[in-house]
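S.K.: no sequence on this one, just coordinates:
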């Protein structure tokens with residue numbers, strides 16, 4: 001019973017957004033939600049239907065009482081079919097296990113990304129302003145700059161291609 005009330009209180013949209021679920025996990029979760037909603041709607045409709053038939057009322061209304069007797073006899077003999085739901089329940093449990101596993105994997109990825117972003121943010125916050133960096137510090141941070149500069153100088157080029165277009169001509173200052 002507790003699982004039933006928990007399922008009713010679950011905010012499905014919040015689950016996918018708060019956990020950052022994507023792809024097959026979201027599709028599977030939405031399909032499960034739709035089946036759950038359809039089953040709950042059917043159960044609600046069936047529970048509202050009357051379960052007892054008053055055959056004496058029909059005998060008083062209809063002239064042909066033999067039909068009412070035949071229907072009552074068949075109604076009394078009717079036994080609803082029972083279904084073994086263990087296969088469906090096992091499939092639901094397997095889906096739950098897979099969904100939890102996918103959610104945990106997603107959570108681990110998100111946690112790693114958050115740690116990386118926090119580290120990057122700390123680097124940005126603690127970095128010295130760009131105009132206070134020396135050429136040697138920039139070259140140490142990105143060694144390819146020295147290699148490219150050496151290659152340009154060896155070819156007799158003193159200007160970086162595209163620099164003036166991007167930053168303007170600094171020689172006119």
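M.R.: Noted; the coordinates are in hand. Nothing here was measured: the structure is a model prediction, and the numbers come from that model.
S.K.: show me where the protein dips below the pLDDT cut-off.
M.R.: Applying pLDDT under 70 to the chain picks out residues 1-8, 170-173.
S.K.: same thing but 50
M.R.: Applying pLDDT under 50 to the chain flags residues 1-2.
S.K.: got the residue ranges for the helices in it?
M.R.: Taking DSSP state H, the helices of the chain run over residues 2-9, 12-19, 23-48, 55-61, 65-77, 86-126, 135-141, 144-154, 163-167.
S.K.: dump the ones you listed into CSV; add mean neighbour count as well.
M.R.: Backbone N, C-alpha and C define where each C-beta goes, glycine included. Shown next, in CSV, are those (neighbours: other C-beta atoms under 10 Å):
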stretch, mean neighbour count
helix 2-9, 8
helix 12-19, 12
helix 23-48, 12
helix 55-61, 12
helix 65-77, 11
helix 86-126, 11
helix 135-141, 11
helix 144-154, 11
helix 163-167, 9
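S.K.: burial measure for residue 21, as a count.
M.R.: Using other C-beta atoms under 10 Å, residue 21 is surrounded by 19 other residues.
S.K.: and it, how far from residue 13?
M.R.: Counting by C-beta to C-beta, to the nearest Å, the gap from residue 21 to residue 13 is 11 Å.
S.K.: then residue 164?
M.R.: 52 Å.
S.K.: quick one: contacts for the residue nearest to residue 24 when sequence neighbours are not counted?
M.R.: The shortest distance from residue 24 to any non-neighbouring residue, by C-beta to C-beta, 6 or more residues apart in numbering, is to residue 102 (7.9 Å). Shown in contact with residue 102 (C-beta atoms under 8 Å, 6 or more residues apart in numbering): 21, 24, 25.
S.K.: one more time with 10 Å
M.R.: 19, 21, 22, 23, 24, 25, 26, 28, 29 (C-beta atoms under 10 Å, 6 or more residues apart in numbering).
S.K.: residues contacting stretch 105-114, please?
M.R.: Counting by C-beta under 10 Å, 6+ apart, 19, 20, 21, 22, 23, 25 sit against stretch 105-114.
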